[in-house]
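J.: 3D model of this:
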Amino acid sequence: MTQPAAPLPKPKRTIRLVRAPIDGVGVFSITAADRTVHYTVHEIRCDIGGRGFAVHRLGLGNLYHVRVGRPQDCSCECKGFLYHGYCRHILGLLALLREGKL
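T.: Residues are numbered from 1 along each chain as shown. This is a model prediction of the structure:
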């Protein structure tokens with residue numbers, strides 16, 4: 001009898017602030033498995049807790065409204081968040097906020 005294959009490790013994911021917000025709009029990139037995706041980010045008003053951001057993926061036109069803060073205050077409109085309850089947009093913005101870059 002053969003052993004089931006071990007699950008593949010998730011690729012390391014990094015985030016980098018490419019351009020600090022100028023006139024409210026910044027650019028960050030997320031790299032995972034040698035693939036880099038760039039996003040613009042603009043902080044928007046959030047009246048229900050946490051901080052709100054409009055995150056636009058460059059090249060494809062996908063726009064996500066992302067809310068970050070305490071775990072119960074985090075949400076995103078992307079499929080990753082809808083399926084798993086977390087996503088690269090939330091994790092990336094939290095990392096940038098933690099480092100004082102946004």
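J.: Which stretches in this structure count as helices?
T.: 79-84, 88-98 (DSSP state H).
J.: Val55: which of those helices is closest?
T.: helix 88-98 (5.3 Å; CB to CB). In this view, the C-beta of every residue, glycine as well, is placed from N, C-alpha and C.
J.: Name the residues of that closest one that are buried.
T.: In terms of neighbour count (16 or more other CB atoms under 10 Å), helix 88-98 has its buried residues at 88-96.
J.: Likewise for stretch 69-82?
T.: 69, 74-76, 78, 81.
J.: quick one: average confidence on it?
T.: Stretch 69-82 comes out with an average pLDDT of 90.
J.: looking at the sheet around His42, what are its partners?
T.: Val25, Ala54 (DSSP bridges).
J.: so which of the helices of the chain gets nearest Phe28?
T.: The minimum distance between Phe28 and these falls on helix 88-98, with 6.5 Å, by CB to CB.
J.: tell me what the closest one is packed against?
T.: With contacts taken as 3 or more CB pairs under 8 Å, 6 or more residues apart in numbering; DSSP states H and E, helix 88-98 sits against strand 13-22, strand 25-32, strand 51-57, strand 63-68, strand 75-76, helix 79-84.
J.: Let me know the average pLDDT across the longest one.
T.: The predicted model gives strand 13-22 an average pLDDT of 91.
J.: For it, which outside residues touch it?
T.: Under the contact criterion CB atoms under 8 Å, 6 or more residues apart in numbering, strand 13-22 has outside partners 26-32, 38, 41-43, 88, 91-92, 95-96, 101-102.
J.: Filter the residues you listed down to just the buried residues.
T.: 26-28, 30, 41, 88, 91-92, 95-96, 102.
J.: Dump those residues to TSV, plus distance to His65 and pLDDT.
T.: Below are the buried ones among the contacts of strand 13-22 laid out as TSV (distance: CB to CB, whole Å; pLDDT from 0 to 100):
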residue	distance to His65	pLDDT
Gly26	16	94
Val27	18	95
Phe28	16	94
Ile30	17	92
Val41	11	95
Arg88	15	90
Leu91	16	91
Gly92	15	92
Ala95	19	93
Leu96	17	93
Leu102	16	87
